[in-house]
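Visitor: What follows is a predicted protein model with its sequence.
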Amino acid sequence: AQSVTQPDIHITVSEGASLELRCNYSYGATPYLFWYVQSPGQGLQLLLKYFSGDTLVQGIKGFEAEFKRSQSSFNLRKPSVHWSDAAEYFCAVGGATNKLIFGTGTLLAVQP
Amino acid sequence: SAVISQKPSRDICQRGTSLTIQCQVDSQVTMMFWYRQQPGQSLTLIATANQGSEATYESGFVIDKFPISRPNLTFSTLTVSNMSPEDSSIYLCSASPGTGGRVDTQYFGPGTRLTVL
């Protein structure tokens, strides 16, 4: 079955610290992977995506993610977190049908 | 990319009534999608709406409950019919330039927060 797992429901980091949000997927075909961010009361904003090519992808707001096929993972990273990064982060996988399967999300809190 | 707006942004409705949510895209797109995000939950796809064809519903969602229109390449509506408190959710519209034969990025609207009393 196709699925996305985000093992961490809630993460708290200090401002300026590094961040890694985990995402594992199960998908029968070639996966196309996305990270979205949702601020309170807002819709989803695309952070980055992986379709093919270089497995390390750069996104907006200083985020990056690495696709590791052997581990079925697409973890999101940021070297230094800002208070404005506090939000909920969703990993999603899609395919040729263009339908997205979302993970349950990780809520990020940033301590001053 | 595509910029998407939704109306209304929020509403409080009575049980048994219906609400129609509008989704407008700033450019022509092939595929539009409707998602539901229940409180504290992730997003679940309700249906895919392509212009000129009937919407395709996911398992657990039916046309009588969630009728969808797609009159042109920039607009879609979702109606939540005969509402109950269980329908209280955020409803999000997304759009993709993709044709369905290849993957493409989905861009999301701000969502409609629905509360049913």
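Guide: Cool, got the structure.

Visitor: so what's B:Ser1 closest to, chain neighbours aside?
Guide: The spatial neighbour of B:Ser1 that comes closest, neighbours along the chain excluded (C-beta to C-beta, 6 or more residues apart in numbering or on different chains), is B:Tyr107 at 5.8 Å. Where you see a C-beta, it was placed from the backbone N, CA and C, and this is true even at glycine.

Visitor: That neighbour reaches A:Tyr36, doesn't it?
Guide: No: at 10.0 Å, B:Tyr107 and A:Tyr36 do not qualify as touching, with contact defined as C-beta atoms under 8 Å.

Visitor: Quick check: pLDDT value at residue 21.
Guide: In the absence of a named chain, this looks at chain A. What the model reports as pLDDT for A:Leu21 is 98.

Visitor: not what I meant, chain B
Guide: 98.

Visitor: The helix or strand harbouring it - contacts with which helices or strands?
Guide: Under the criterion of DSSP states H and E, B:Ile21 resides in strand B:19-25. On a contact count with 3 or more C-beta pairs under 8 Å, 6 or more residues apart in numbering or on different chains; DSSP states H and E, strand B:19-25 meets strand B:4-7, strand B:31-37, strand B:75-80, strand B:89-96.

Visitor: if I pick the residue nearest to B:Ser1, what's in contact with it?
Guide: Neighbouring residues of B:Tyr107 by C-beta atoms under 8 Å, 6 or more residues apart in numbering or on different chains: A:Leu46, B:Ser1, B:Ala2, B:Val3, B:Ile4, B:Ser94, B:Ala95, B:Ser96.

Visitor: For the most centrally placed residue in chain B, name its beta-bridge partners.
Guide: Geometric centre of chain B, nearest residue: B:Trp34, 2.9 Å, by C-alpha atoms, centre = their mean. Beta bridges link B:Trp34 to B:Ala47, B:Cys93, judged by DSSP bridges.

Visitor: Spit out the residues that contact B:Tyr107 and A:Tyr36 alike.
Guide: Going by C-beta under 8 Å, 6+ apart, residues that sit against B:Tyr107 and also against A:Tyr36 are A:Leu46.

Visitor: For the helix or strand encompassing A:Asn75, buried residues please.
Guide: Secondary-structure assignment from DSSP H and E places A:Asn75 in strand A:73-78. Within strand A:73-78, the residues that count as buried by 16 or more other C-beta atoms under 10 Å in any protein chain shown are A:Ser73, A:Phe74, A:Asn75, A:Leu76, A:Lys78.

Visitor: just curious, which of these is nearest to chain B?
Guide: Among these, A:Phe74 lies closest to chain B (C-beta to the nearest C-beta), at 14.3 Å.

Visitor: residues touching the closest residue to the closest one other than its chain neighbours, list them.
Guide: Distance criterion C-beta to C-beta, 6+ apart; nearest residue to A:Phe74, sequence neighbours excluded, is A:Leu33 at 4.4 Å. A:Leu33 makes contacts with A:Cys23, A:Tyr25, A:Lys49, A:Tyr50, A:Ala65, A:Phe67, A:Phe74, A:Cys91, A:Ala92, A:Val93, A:Gly94, as judged by C-beta under 8 Å, 6+ apart.
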